[in-house]
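J.: model the following, please.
(chains A and B)
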Amino acid sequence: DAKTTQPTSMDCAEGRAANLPCNHSTISGNEYVYWYRQIHSQGPQYIIHGLKNNETNEMASLIITEDRKSSTLILPHATLRDTAVYYCISNQGGSEKLVFGKGTKLTVNP
Amino acid sequence: DVKVTQSSRYLVKRTGEKVFLECVQDMDHENMFWYRQDPGLGLRLIYFSYDVKMKEKGDIPEGYSVSREKKERFSLILESASTNQTSMYLCASVKGGVTYEQYFGPGTRLTVT
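T.: Alright, predicted model coming up:
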């Protein structure tokens, strides 16, 4: 499984876009990038995933660079409830095993 | 909504006790997982199961065993609890063939004294 690296923590103002980077320079062609988040005292929650193309859903957008060595999760209008630890994960295609790193602690400030 | 429930939110056990942590999911998912989460170490996979009576070791299986007698239930067993097994334990499930969306339970915070 490709190793991912993320900043330990980030801050964002409420209402602004939060851009969370992730490096996955050793990712192989069949490995997906997944994003989860964990709000304090809860289990992790799936956000979005992608392989090559940019993806968008009701929660967030995922921008993957053309060389696939990095990606950015975008929360377009961060709210206080988005304060959480965000995990960027990759795995080999077809494997249900996800390896969680330490993630990025995002704090959304009023 | 998919629900993954865990038998207890908080549990206190003594060293040497046998501990059972139960996890139940209601969406007929094939795959189930047990993780532990510790400060500074993130989530680490203990065991997972692709089907009834099937199990595979994760990254840190030592000191643990699992049981999957029914599709909806996945149990984590600490044969002889030790203080270094004090942790938050999280169960997850995912539909077979759908890799990305693991559904997590609320977690069990286990303290071994």
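
J.: isn't there a helix covering A:Arg81?
T.: Yes: per DSSP: H, G, I helix; E, B strand; the rest coil, A:Arg81 lies within a helix segment.

J.: return the residues in contact with it.
T.: Contacts here follow Cβ atoms under 8 Å, 6 or more residues apart in numbering or on different chains; on that basis A:Arg81 touches A:39, A:108. Every residue, glycine included, has its C-beta placed from N, CA and C.

J.: which strand residues bridge A:Leu20?
T.: With beta bridges defined as DSSP bridges, A:Leu20 has these partners: A:Leu73.

J.: which parts of the chain are strands?
T.: All of this refers to chain A. With DSSP state E, the ranges of strands along chain A come out as A:9-13, A:18-23, A:31-38, A:45-50, A:55-56, A:61-64, A:70-75, A:84-92, A:104-109.

J.: the intended chain is chain B.
T.: Along chain B, the stretches classed as strands by DSSP E are B:4-6, B:10-13, B:19-25, B:31-38, B:42-49, B:56-57, B:64-70, B:73-78, B:87-94, B:103-104, B:108-112.

J.: let's have the ones you listed in JSON lines, adding distance to chain A, mean neighbour count and mean pLDDT.
T.: Compiled in JSON lines, the strands of chain B are given as follows (distance: least, Cβ to the nearest Cβ, whole Å; neighbours: other Cβ atoms under 10 Å in any protein chain shown; pLDDT from 0 to 100):
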{"stretch": "strand B:4-6", "distance to chain A": "8", "mean neighbour count": "18", "mean pLDDT": "94"}
{"stretch": "strand B:10-13", "distance to chain A": "11", "mean neighbour count": "13", "mean pLDDT": "96"}
{"stretch": "strand B:19-25", "distance to chain A": "11", "mean neighbour count": "19", "mean pLDDT": "97"}
{"stretch": "strand B:31-38", "distance to chain A": "5", "mean neighbour count": "23", "mean pLDDT": "94"}
{"stretch": "strand B:42-49", "distance to chain A": "4", "mean neighbour count": "21", "mean pLDDT": "91"}
{"stretch": "strand B:56-57", "distance to chain A": "8", "mean neighbour count": "13", "mean pLDDT": "92"}
{"stretch": "strand B:64-70", "distance to chain A": "14", "mean neighbour count": "16", "mean pLDDT": "97"}
{"stretch": "strand B:73-78", "distance to chain A": "14", "mean neighbour count": "20", "mean pLDDT": "97"}
{"stretch": "strand B:87-94", "distance to chain A": "5", "mean neighbour count": "24", "mean pLDDT": "94"}
{"stretch": "strand B:103-104", "distance to chain A": "3", "mean neighbour count": "22", "mean pLDDT": "92"}
{"stretch": "strand B:108-112", "distance to chain A": "9", "mean neighbour count": "18", "mean pLDDT": "97"}
